[in-house]
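Asker: need the 3D shape of this:
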Amino acid sequence: MIQSSGLAAAVAPRRIGRAHYYPNVTDAEWNDWKWQFRNRVTDLDQLMKLLPIPENERELRREVLRDFRMGIPPYYMALIDADDPHDPILRQAVPIAEEYTYRDVGDEDPLGEESYSPVPGITHRYPDRVLMVISNSCAVYCRYCTRKRIMYEDAVPEMEIDRMVDYIARTKTVRDVVVSGGDPLTNSTAKLESILAKLRAIPHLEIIRIGTRVPVSLPQRIDAELCEMLQKYHPLWINVHFNHPRECTPEAARACDLLSRAGIPLNNQAVLLKGVNDSVETMKGLVHGLMKMRVRPYYVYHCDPVRGSEHMRTTIAKGLEIMEGLRGHTSGLAIPQYVIDAPGGGGKVPVNPNYLLHYDPKKQRAILRNFQGRIFEYYEQLPEEEMLQRRLVASANATPAAGPIALTSSHAPRAPELPAAATPAAKEVRTRLSRAAANGNVNGKGGAKSNGAHAANGTHAGGAPAPQGPGSIAPAPPATETVVGKSKWAHRGRARRDPS
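Answerer: You can find the predicted model right below:
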């Protein structure tokens, strides 16, 4: 048999991973975070040895690097698929031609941080908490970073750090500080501890949070020495920054595990990025990967309008579509809060799909939509008619008729057969009930139903029948079995009978 040359040709190996990019690096070097930091890819000539760069884009990318730094540790570089120019890891770390195209679009300081800076390095936007920038350097420089304007690596002077600490100590209303950068964990352990010790000495400061991307881009930095130091300054929280499922590697999982074992809760702050995680499937893969690493999905930020990142921004509609695709389709703990950081310092604004369709506080009535699109009516209190019926039973000085109480399909107990009124109060209540019944307002025939969330006529908005396929909520079948117990209240779709 003659075999075609195409079938006989060997399949080219995928160009990704440490073995492809850094085949001669020893384990000792690879696992040394300081080696990783020193050997970051920082210029185009280094990059072109590792990735194919189209010749017509080289000068454009050099221009980008005149404005915005690049820094990619070997570990993070090895996550990039060299054969995919649209690789989601590449788009986050490598300057591309679109960044040059949009270099003049957007703001240097889109969140107005410098307008809320009482001393250099402090942003005080919210009443009880402040942001403290203690570093200008990062392990990896993200192309969408809201602080591109400080992408340089001069160390923050000790005097500036002392002024930040002094401001927090003088401002008694501050109970929570976010230590950020740059990336605080690019500091030496000793320097970081000196800052944390000064903060922890402030009596009114309750919470210290650290914002870092190091577990994602340089997980080797998370070692026993660092964790032993951090756990001395509890209550301490860490916000990490994973954007894509492929960042949830065994190395990243190990780093998160070390932090968790040091008693540090981990929350993830992702950014919604076009071509990186702007699909339900990808975002679901990310939050599931985080949950397996014991990292709580905390925020999904809409990408800030920072200069040079317009090509990475999605629409708000896309963000809402993704949140709709998560709600009800994964565990609630895995669903982050979608927020937009309002321009000019307005702060984080939650943006959610609309599940509360109508709310009338006077009537204490709400119309709700669930994840399937089904519509429900919910009352905060029992409607007056049902309350009147219960008052009649209580005032009639008689025992309600024996026997099980039937259930409606919405699990709401129907009113039992009422005895003859025996008191003037009971007669008055019965009269009011009769009038209500004449208007069709009793037992839900003319409007109000009993307390709880009920399917509104079992339909979607617009009158379409409610779904009855997989995942739909079917009415409970009427129960005929006796349930042991003296209570006559309906319970779980069955009536209780008095065994005596």
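
Asker: can you list contacts of stretch 237-250?
Answerer: 79, 88-89, 92, 178, 207-213, 215-216, 219, 252, 256, 259, 264-271, 273, 276-277, 282, 285-286, 288-290, 292-293, 295, 298 (Cβ atoms under 8 Å, 6 or more residues apart in numbering). Every C-beta, even on glycine, is put in place using the N, C-alpha and C of the backbone.

Asker: which ones among the residues you listed lie within helices?
Answerer: Residues of the contacts of stretch 237-250 located in helices (DSSP state H): 88-89, 92, 215-216, 252, 256, 259, 282, 285-286, 288-290, 292.

Asker: what about residue 249, distance to residue 216?
Answerer: Note on residue 249: its distance to residue 216, by Cβ to Cβ, to the nearest Å, is 9 Å.

Asker: need the contact list for the nearest residue to residue 144 once chain neighbours are set aside.
Answerer: In space, and not counting its chain neighbours, residue 144 is closest to residue 309: 4.3 Å by Cβ to Cβ, 6 or more residues apart in numbering. Contacts for residue 309 (Cβ under 8 Å, 6+ apart) come out as 99, 102, 106, 143, 144, 148, 303.

Asker: could you find the lowest-pLDDT member of the residues you listed?
Answerer: For the contacts of residue 309, the least confident position by pLDDT is residue 148, scoring 84.

Asker: residues contacting that residue?
Answerer: Here residue 148 is in contact with 68, 108, 306, 307, 308, 309 (Cβ under 8 Å, 6+ apart).

Asker: got a quick PyMOL command for the buried subset of these?
Answerer: Only the buried members of those enter the following PyMOL selection, criterion being 16 or more other Cβ atoms under 10 Å:
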select buried, resi 68+306+307+308+309
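
Asker: closest to residue 225 among the contacts of residue 148?
Answerer: residue 68 (32.5 Å; Cβ to Cβ).

Asker: let me know the pLDDT of that closest one.
Answerer: What the model reports for residue 68 is a pLDDT of 90.

Asker: residues in contact with it?
Answerer: Residues in contact with residue 68 (Cβ under 8 Å, 6+ apart) are 95, 99, 141, 143, 148, 151, 308.

Asker: can you name the residues bridging to residue 180?
Answerer: Judged by DSSP bridges, the bridge partners of residue 180 are residue 133.

Asker: relative to residue 288, how far out is it?
Answerer: Per Cβ to Cβ, residue 180 is found 27 Å from residue 288.

Asker: more neighbours, the two?
Answerer: residue 180 (20 against 15; other Cβ atoms under 10 Å).

Asker: how far away is the more buried one from residue 289?
Answerer: Residue 180 is 24 Å from residue 289, by Cβ to Cβ.

Asker: what about this protein, any weak spots by pLDDT?
Answerer: Filtered on pLDDT under 70, the chain yields the residue ranges 1-12, 152-155, 383, 396-500.

Asker: so where do the strands sit in it?
Answerer: 122-126, 129-133, 176-180, 207-211, 236-240, 266-272, 296-302, 337-342, 347-350, 356-360, 365-369, 374-379, 452-460 (DSSP state E).

Asker: and residue 161, which of those strands is closest to it?
Answerer: Closest among these, using Cβ to Cβ: strand 129-133, at 8.4 Å.

Asker: neighbours around residue 69, how many?
Answerer: By other Cβ under 10 Å, neighbour count at residue 69 equals 20.

Asker: which residue is the nearest non-sequential neighbour of it?
Answerer: In space, not counting the residues next to it along the chain, residue 69 is nearest to residue 151; the distance is 4.2 Å by Cβ to Cβ, 6+ apart.

Asker: surely the one you found meets residue 70?
Answerer: No: look at residue 151 against residue 70 with Cβ atoms under 8 Å: they stay out of range, at 9.0 Å.

Asker: overlap in contacts of these two?
Answerer: The contact lists of residue 151 and residue 70 share residue 141, where a contact means Cβ under 8 Å, 6+ apart.

Asker: and these two? Which one has more around it.
Answerer: Between residue 151 and residue 70, counted using other Cβ under 10 Å, the more crowded position is residue 70 (21 against 18).

Asker: which ones are touching that one?
Answerer: Shown in contact with residue 70 (Cβ under 8 Å, 6+ apart): 41, 42, 43, 47, 93, 94, 95, 141.

Asker: distance of the second one from residue 184?
Answerer: The one in question is residue 42. Residue 42 sits 21 Å away from residue 184, taking Cβ to Cβ as the criterion.

Asker: counting neighbours, go ahead and name the busier of the two.
Answerer: Neighbour totals were compared for residue 42 and residue 184, and residue 184 leads with 22 against 15 (other Cβ under 10 Å).

Asker: the more buried one and residue 251, how far apart?
Answerer: Residue 184 sits 20 Å away from residue 251, going by Cβ to Cβ.

Asker: quick one: contacts for the residue nearest to residue 69?
Answerer: Going by Cβ under 8 Å, 6+ apart, residue 151 touches 68, 69, 136, 138, 141, 145.

Asker: let's see that with 6 Å instead.
Answerer: 68, 69, 141 (Cβ atoms under 6 Å, 6 or more residues apart in numbering).

Asker: thought the last one was touching residue 67?
Answerer: Yep, that's residue 141 we're talking about. No: here residue 141 lies out of contact with residue 67, judged by Cβ atoms under 6 Å, at a distance of 11.7 Å.

Asker: settle it for me: which of those two has more neighbours?
Answerer: The neighbour count for residue 141 versus residue 67, taken as other Cβ under 10 Å, is higher for residue 141 (24 against 16).

Asker: tell me the phi and psi of that one?
Answerer: Backbone torsions for residue 141, taken as degrees, to the nearest 10, come to phi -100, psi 110.

Asker: can you list the residue ranges for helices in the stretch 51-200 of the chain?
Answerer: In the stretch 51-200 of the chain, the helices defined using DSSP state H, counting those that start in this stretch lie at 58-67, 74-77, 88-93, 97-101, 158-170, 189-200.

Asker: and the first one, what does it pack onto?
Answerer: Think helix 58-67. Packing partners of helix 58-67 (3 or more Cβ pairs under 6 Å, 6 or more residues apart in numbering; DSSP states H and E): helix 97-101.

Asker: list the buried residues of the helix it packs on.
Answerer: 97, 98, 99, 100.

Asker: so who does the second one touch?
Answerer: The one in question is residue 98. Listed by Cβ under 6 Å, 6+ apart, the contact set of residue 98 reads residue 311.
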